[in-house]
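Enquirer: this is a predicted model, with the sequence first.
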Amino acid sequence: MTKQPRGGPRIPVELPVEIIWKGPSGDLRHLVGKTGNISGNGLFLMVGKKLRRTTPISITVKLPSEVTQVPLELRCRGRVVRWNRPHEKPGMGAIIDDYELRPVQRRGAGANVRRSRAV
């Protein structure tokens, strides 16, 4: 397997993360976990579910207000590019295609979103 060049240094940081994607029938799926690291063009997501490679995902990372001074979240659109090997922490790598920083907004639970919790 050919390794792709990295887009920048990885910053090891564990932050709360939410991942949303469309299931096979088009319904929205939801998973929560933590980041393992973040780089300029991607993230490692510590979650207990394997999504198919190339699956388009929406990622929301809660940024610590101790650092940002105000509640901010990083919202990304990207895609799954790899999974960890069985002897490594469960998780997957994702490339970021687009992102924005936004103030944290309170959200109600969506009736059509399936929720899973990372292990």
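Expert: That came in fine, so what should we check first?
Enquirer: pLDDT weak spots in the chain?
Expert: Residues of the chain meeting the criterion pLDDT under 70: 1-7, 106-119.
Enquirer: just the helices from it, written as ranges.
Expert: With helices called from DSSP state H, the chain shows them at 65-68.
Enquirer: what's the nearest residue to Leu51 if we skip its chain neighbours?
Expert: Val80 (4.9 Å; Cβ to Cβ, 6 or more residues apart in numbering). Glycine gets a C-beta too; all of them are placed from N, C-alpha and C.
Enquirer: what of Thr55?
Expert: Excluding its sequence neighbours, the residue lying closest to Thr55 (Cβ to Cβ, 6+ apart) is Val80, at 4.7 Å.
Enquirer: am I right that the one you found is in contact with Ile96?
Expert: No: with contact defined as Cβ atoms under 8 Å, Val80 does not reach Ile96; the gap is 11.8 Å.
Enquirer: check contacts around the residue nearest to Thr60 when sequence neighbours are not counted.
Expert: Spatial nearest neighbour of Thr60, chain neighbours left out: Glu18 (4.5 Å); criterion: Cβ to Cβ, 6+ apart. Contacts here follow Cβ atoms under 8 Å, 6 or more residues apart in numbering; on that basis Glu18 touches 30-32, 59-60.
Enquirer: what residues are bridge-paired with Glu18?
Expert: Beta-bridge partners recorded for Glu18 (DSSP bridges): Val32, Thr60.
Enquirer: likewise for Ile95?
Expert: Beta bridges link Ile95 to Gly42, Arg79, judged by DSSP bridges.
Enquirer: could you do the one 5 residues further on as well?
Expert: When bridges are taken as DSSP bridges, the partners of Glu100 come out as Arg75.
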